[in-house]
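Participant: What follows is a predicted protein model with its sequence.
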Amino acid sequence: MKTRTLGSLSVPAIGFGAMVLSPGVYGEVDDTRAEAALKTALDAGGVHVDTSDAYGVDGHNERLVGRAIKGRRDEVIVATKCGLAIPEGEPSRSHPVGYAFNELRVNTEPRLVRGYAERSLRNLGTDVIDLYYTHYTDPGVPIEDTVAALADLVRDGLIRHIGLSNVTAAQLRAAHAVHPVTAVQNEWSMWRPLDADLLAATRELGVGVVAWSPLGNGFLTGTVQTLDAGDFRHNAPRFSAENLAGNNDRYAPIRALAERLGISPAQLALAWLLHQDDHVVAIPGSRTPSHIEENLAAADLTLHPDTLALLDEALAGFEVSGGTLL
Ligand SMILES: NC(=O)c1ccc[n+]([C@@H]2O[C@H](COP(=O)([O-])OP(=O)(O)OC[C@H]3O[C@@H](n4cnc5c(N)ncnc54)[C@H](OP(=O)(O)O)[C@@H]3O)[C@@H](O)[C@H]2O)c1
């Protein structure tokens, strides 16, 4: 697997997003299936594993990852996040999102940050987190204060690198002035552009970009026609029955291009992302070993400039119905 550099951290170009392995996200999954998926990802080189203390109930996702890395910790880059799994009785602030439920509750007060990290370390069964993100920015706390608390964790050896998820360029610049930020993790895919100012700031500051939902929550694989009851994507306007059908129709030229190239739409979506810049990596999620291997293989694809030009043209004409998530 080709590697890329996020700040000073070397990671595979394509890693593995573990969120899908906790129940209640994208349909059915149990721990046996989840453990098999993680083993496939690690065996195939997807050793940058992304989780969060907020995925699943009571650290379920981190504990899954912890079991998977047992005995092979040194091969794995473990990334997790804090700020959404707030201890009972603690205050929180509302962060707007485009999902139907319309807000997330966030608390990244410095006094809580060490406790968050210690809880994640216990869940993960490790003594250090390689890349530790704030999951969302707390509207009630200056980002500089949170990053200063994270810098203490670096100094004390609990975490190796600081990341920020779901940030703006201004927030990144403010944070980076306190302590070097290794990576930002924002949504970025063929149907969700990354903010141009943020991309420019990452280039200028030498900060890596980790693209979340690089397959558009599965849409860009070309396989999502309907959703099961209980699928989290029912909350996302792009997946409402009427929007999904239209979006699939308008995505057809890109699916057809993948077919002409002899690769899957998922692989084309991932390769396209990696061709946006060399400080970009992707963390697709999947419960299915064959999908995981297919996705990781996309790290080795080289897209011809003519193909990239065709894609730019097709994407310019791909009008997505339904709002974005942030
Ligand atoms: N920082 C944040 O706020 C944030 C937010 C969302 C996500 N993330 C991170 O990003 C990671 C990935 O995002 P995501 O899981 O939302 O979306 P994604 O990777 O864009 O898509 C996942 C979906 O695609 C399907 N899929 C994957 N590969 C496939 C293939 N080759 N063919 C057909 N279907 C395929 C999966 O189904 P199967 O299981 O059936 O393969 C699953 O339903 C998460 O795990 C998480 O680590 C971060």
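Facilitator: Sure thing, it's come through. All of these numbers come straight from a predicted model, not from anything done at the bench.
Participant: So Ala85 is in contact with Gly115, correct?
Facilitator: No. Using C-beta atoms under 8 Å as the test, Ala85 is too far from Gly115 to be in contact (10.7 Å). Using the backbone N, CA and C atoms, a C-beta is placed for each residue, glycine as well.
Participant: So the two - more neighbours on which side?
Facilitator: Ala85 (20 against 12; other C-beta atoms under 10 Å).
Participant: May I have stretch 289-303 exported as CSV, CA atoms only?
Facilitator: The C-alpha coordinates for stretch 289-303 follow below in CSV (Å, rounded to 0.1, in the frame of the first residue of the first chain):
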residue,chain,number,x,y,z
PRO,A,289,-14.4,-8.0,3.1
SER,A,290,-14.7,-8.0,-0.7
HIS,A,291,-15.6,-4.3,-0.6
ILE,A,292,-12.7,-3.5,1.8
GLU,A,293,-10.2,-5.2,-0.5
GLU,A,294,-11.7,-3.4,-3.6
ASN,A,295,-11.5,-0.1,-1.8
LEU,A,296,-7.9,-0.5,-0.6
ALA,A,297,-6.8,-1.6,-4.1
ALA,A,298,-7.8,1.9,-5.4
ALA,A,299,-4.7,3.3,-3.7
ASP,A,300,-2.7,1.9,-6.6
LEU,A,301,-4.7,3.4,-9.4
THR,A,302,-3.3,6.1,-11.6
LEU,A,303,-5.9,8.2,-13.4
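Participant: does it come close to the ligand?
Facilitator: Yes. Under the criterion of C-beta under 6 Å from any ligand atom, the ligand is reached by stretch 289-303 at 291, 294-295.
Participant: who wins for neighbours among those?
Facilitator: Most neighbours among the residues of stretch 289-303 next to the ligand, by other C-beta under 10 Å: Asn295, with 30 neighbours.
Participant: Tell me the secondary structure at that residue.
Facilitator: Here Asn295 is helix, with the state taken from DSSP: H, G, I helix; E, B strand; the rest coil.
Participant: Correct me if wrong: it contacts Thr288.
Facilitator: No. Asn295 is beyond contact range of Thr288, at 9.8 Å (criterion: C-beta under 8 Å).
Participant: pLDDT score for Asn102?
Facilitator: For Asn102, the pLDDT comes out at 65.
Participant: Around the ligand, which positions in the stretch 51-200 of the chain sit nearby?
Facilitator: Contacts of the stretch 51-200 of the chain with the ligand, taken as C-beta under 6 Å from any ligand atom, map to 135, 165-166, 185.
Participant: Now render those as JSON lines, adding neighbour count.
Facilitator: Below are those laid out as JSON lines (neighbours: other C-beta atoms under 10 Å):
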{"residue": "His135", "neighbour count": "25"}
{"residue": "Ser165", "neighbour count": "22"}
{"residue": "Asn166", "neighbour count": "23"}
{"residue": "Gln185", "neighbour count": "26"}
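Participant: Next step: the residues you listed restricted to helices.
Facilitator: Among those, none falls in helices (DSSP state H).
Participant: Filter the residues you listed down to just the ones in strands.
Facilitator: Counted as lying in strands by DSSP state E, out of those, are 165, 185.
Participant: For the ligand, state which of the residues of the stretch 51-200 of the chain next to the ligand is nearest.
Facilitator: Ser165 (3.9 Å; C-beta to the nearest ligand atom).
Participant: so how many other residues sit close to the residue of the stretch 1-150 of the chain found nearest the ligand?
Facilitator: Distances between the stretch 1-150 of the chain and the ligand by C-beta to the nearest ligand atom are smallest at Gly17, namely 2.3 Å. Taking other C-beta under 10 Å as the neighbour definition, Gly17 ends up with a count of 28.
Participant: check contacts around it.
Facilitator: 50, 212-213, 283-285 (C-beta atoms under 8 Å, 6 or more residues apart in numbering).
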